[in-house]
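Enquirer: 3D model of this:
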Amino acid sequence: MNPGRTRIQRRERAAGSRTDRVELPPADLGPSSALNQTLTLLREVLVSHDSSVVPLDARQADFVQVLSCILDPLLQMCTVSASNLGTADMATYMVNCLYVMKTTLALFEFTDKRLEMLQFQIDAHLDTLINEQASYVLTRAGLSQIYSCLQQHKPEQVRSGNDTSVNPLMSRGGHTYY
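Expert: Numbering: from 1, shown residues only. Sure, this is the predicted structure:
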């Protein structure tokens, strides 16, 4: 039996058991200690395997398998951990977790597909966070109703600058404001 393969399998089992215990996200919404520990373990596995004398095609197949065995449960762990958070906090926590995963993988070859997938997820969570923050700011500034009214009208409906039915901001007491 290949001692390198046995070591990888042993580390994969250890990483899998770590993801069985789901922690609540830390108060600062940073990555959990379980995520950081598992990514440290993943880094050790990938460094060890990267420096081995295994042929390139076998190494690539091993990387794909190791990444599936470790990253998929980690992603699930983060998602479950974030499930009880509010939308903005959940998006923040997920961006932080996904970013740490991405920076860990960026150091190694054969991770391009995973890096692309992680970036796609980061972008989706950033969009959610941006929308939540914009909504919060509009609400706090008292502009959410006005913004809603403006979004309901199509640009072709706004033809006359003096049409107060389209834009309630345009007219106040007989005076037109711009």
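
Enquirer: pLDDT averaged over the longest helix anywhere in the chain - what is it?
Expert: Of all the segments of type helix in the chain, defined by DSSP state H, the longest one is helix 112-140. In this model, helix 112-140 has a mean pLDDT of 95.

Enquirer: what's the answer for stretch 32-50, then?
Expert: 90.

Enquirer: so which strand or helix has Arg43?
Expert: helix 33-50 (DSSP states H and E).

Enquirer: next helix or strand past that helix?
Expert: Per DSSP H and E, the helix or strand that comes after helix 33-50 is helix 56-82.

Enquirer: by contact count, what packs against that following helix?
Expert: With contacts defined as 3 or more Cβ pairs under 8 Å, 6 or more residues apart in numbering; DSSP states H and E, helix 56-82 has these neighbours: helix 3-19, helix 33-50, helix 87-105. Every C-beta, even on glycine, is put in place using the N, C-alpha and C of the backbone.

Enquirer: tell me what angle that helix forms with helix 112-140.
Expert: Here the directions of helix 56-82 and helix 112-140 differ by 20 degrees (axes from the mean of the first three to the mean of the last three Cα atoms, to 10 degrees).

Enquirer: tell me which residues of helix 56-82 are tucked away?
Expert: Under the neighbour-count criterion of 16 or more other Cβ atoms under 10 Å, helix 56-82 has 59, 62-63, 66-67, 69-71, 73-75, 77-78, 81-82 buried.

Enquirer: before we move on, what about stretch 31-40?
Expert: Those would be Pro31, Ser32, Ala34, Leu35, Thr38, Leu39, for stretch 31-40 by 16+ other Cβ under 10 Å.

Enquirer: OK, contacts around the residue nearest to the last one when sequence neighbours are not counted?
Expert: In space, Leu39 comes closest to Thr104 once its chain neighbours are excluded; the distance is 4.7 Å by Cβ to Cβ, 6 or more residues apart in numbering. By Cβ atoms under 8 Å, 6 or more residues apart in numbering, the residues touching Thr104 are Leu39, Leu42, Arg43.

Enquirer: need these in JSON lines (columns: distance to Thr111).
Expert: JSON lines is the format used below for the contacts of Thr104 (distance: Cβ to Cβ, whole Å):
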{"residue": "Leu39", "distance to Thr111": "13"}
{"residue": "Leu42", "distance to Thr111": "11"}
{"residue": "Arg43", "distance to Thr111": "12"}
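
Enquirer: show me which of the residues you listed is closest to Arg140.
Expert: The closest of these to Arg140 turns out to be Leu39 (Cβ to Cβ; 36.6 Å).
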